[in-house]
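**Q** Curious how this folds, go ahead:
(chains A and B)
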Amino acid sequence: GEDVEQSLFLSVREGDSSVINCTYTDSSSTYLYWYKQEPGAGLQLLTYIFSNMDMKQDQRLTVLLNKKDKHLSLRIADTQTGDSAIYFCAEPAAGNKLTFGGGTRVLVKP
Amino acid sequence: DTAVSQTPKYLVTQMGNDKSIKCEQNLGHDTMYWYKQDSKKFLKIMFSYNNKELIINETVPNRFSPKSPDKAHLNLHINSLELGDSAVYFCASSRGDSSYTFGSGTRLTVV
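**A** Residues are numbered from 1 along each chain as shown, chains lettered A, B, ... in the order given. Have a look, this model is predicted:
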């Protein structure tokens, strides 16, 4: 199947933590990705996790992977106004294409 | 040095016209892609090429024709543009199933 699912919207206060959740479909995916899209801009690779890892930390970003449940999450610590964007999770599929979730729009309130 | 560059950034055209979007990557990747992002921000693959060979052709109207003159370039030509073609088109490249890099997008508006 090709349904990568994410919640649509997240509102968070500046300084709090944000958690964005994603469920994916292919248990054989080697990598799973998080992309960020700011308004009017392109897709920026935020981070990725290799499938043999449970967790990856990169500065304010923490990625958690639960392969049993096919669940991926992205935690942003100390969320800033510059973190307001749409966040997409993505998994590789047949032909090396990326299948994207529908995107989670994160709004950071001061 | 831009890794994946696509031109133009904006394209406004009338219905029925034919237009092209160009894409170039300087990363030495072997696979290139075109994705379409609709007004609801949903991203969907259109085409992928590996070393100039068509690998993926999703359910895309025949009016869309990709062309890859070499593995660093993947252009998209669209004939007889329709209102529903209005979207943001992203070019991307990868090495296998890793190192995906996206261009900054081309916002196509058909009037």
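
**Q** alpha carbons only for contacts and neighbour counts from here, please
**A** Fine.

**Q** can you pull the contacts of the residue of chain B found nearest chain A?
**A** Closest residue of chain B to chain A, Cα to the nearest Cα: B:Ser104 (4.3 Å). With contact set as Cα atoms under 8 Å, 6 or more residues apart in numbering or on different chains, B:Ser104 has these partners: A:41-43, B:4-6, B:9, B:90-91.

**Q** tell me which helix or strand of chain A sits lowest on mean pLDDT?
**A** Sorting the helices and strands of chain A by mean pLDDT, DSSP states H and E puts strand A:98-100 at the bottom, at a mean of 90.

**Q** Can you list the strands that whichever helix or strand comes after that strand pairs with?
**A** The C-terminal neighbour of strand A:98-100 among helices and strands, as given by DSSP states H and E, is strand A:104-109. Using DSSP bridges, strand A:104-109 pairs in its sheet with strand A:9-13 (parallel), strand A:85-92 (antiparallel).

**Q** follow-up on the earlier one: can you name every helix or strand that the least confident helix or strand of chain A contacts?
**A** Secondary-structure packing of strand A:98-100 (3 or more Cα pairs under 8 Å, 6 or more residues apart in numbering or on different chains; DSSP states H and E): strand A:85-92, strand B:43-50.

**Q** Including mean neighbour count and distance to B:Thr109, could those go into JSON lines?
**A** Shown next, in JSON lines, are the helices and strands packed on strand A:98-100 (neighbours: other Cα atoms under 10 Å in any protein chain shown; distance: least, Cα to Cα, whole Å):
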{"stretch": "strand A:85-92", "mean neighbour count": "25", "distance to B:Thr109": "22"}
{"stretch": "strand B:43-50", "mean neighbour count": "22", "distance to B:Thr109": "17"}
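
**Q** Serialize those to a markdown table and add fields for mean pLDDT.
**A** A markdown table is the format used below for the helices and strands packed on strand A:98-100 (pLDDT from 0 to 100):
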| stretch | mean pLDDT |
| --- | --- |
| strand A:85-92 | 94 |
| strand B:43-50 | 92 |
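
**Q** just to revisit the earlier point, which of the contacts of B:Ser104 lies closest to B:Lys67?
**A** Taking Cα to Cα as the measure, B:Lys67 sits nearest to B:Cys91 out of the contacts of B:Ser104, at 12.6 Å.

**Q** The helix or strand hosting that closest one pairs with which strands, parallel or anti?
**A** Using DSSP H and E, the element containing B:Cys91 is strand B:87-95. Counting by DSSP bridges, the strands paired with strand B:87-95 are strand B:31-37 (antiparallel), strand B:98-102 (antiparallel), strand B:106-110 (antiparallel).

**Q** Let's have these in TSV, adding mean pLDDT.
**A** Shown next, in TSV, are the strands paired with strand B:87-95 (pLDDT from 0 to 100):
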stretch	mean pLDDT
strand B:31-37	94
strand B:98-102	84
strand B:106-110	97
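
**Q** Give me every residue in chain B lying close to chain A.
**A** B:33, B:41-45, B:48, B:55-56, B:90, B:96-98, B:101-105 (Cα under 8 Å from any Cα of the partner chain).

**Q** Show me just the buried residues among the residues you listed.
**A** Buried members of these, counted by 16 or more other Cα atoms under 10 Å in any protein chain shown: B:33, B:41, B:43-45, B:48, B:55-56, B:90, B:97-98, B:101-105.

**Q** Which pair of these spans the longest distance?
**A** B:Lys41 and B:Ile55 (24.5 Å).
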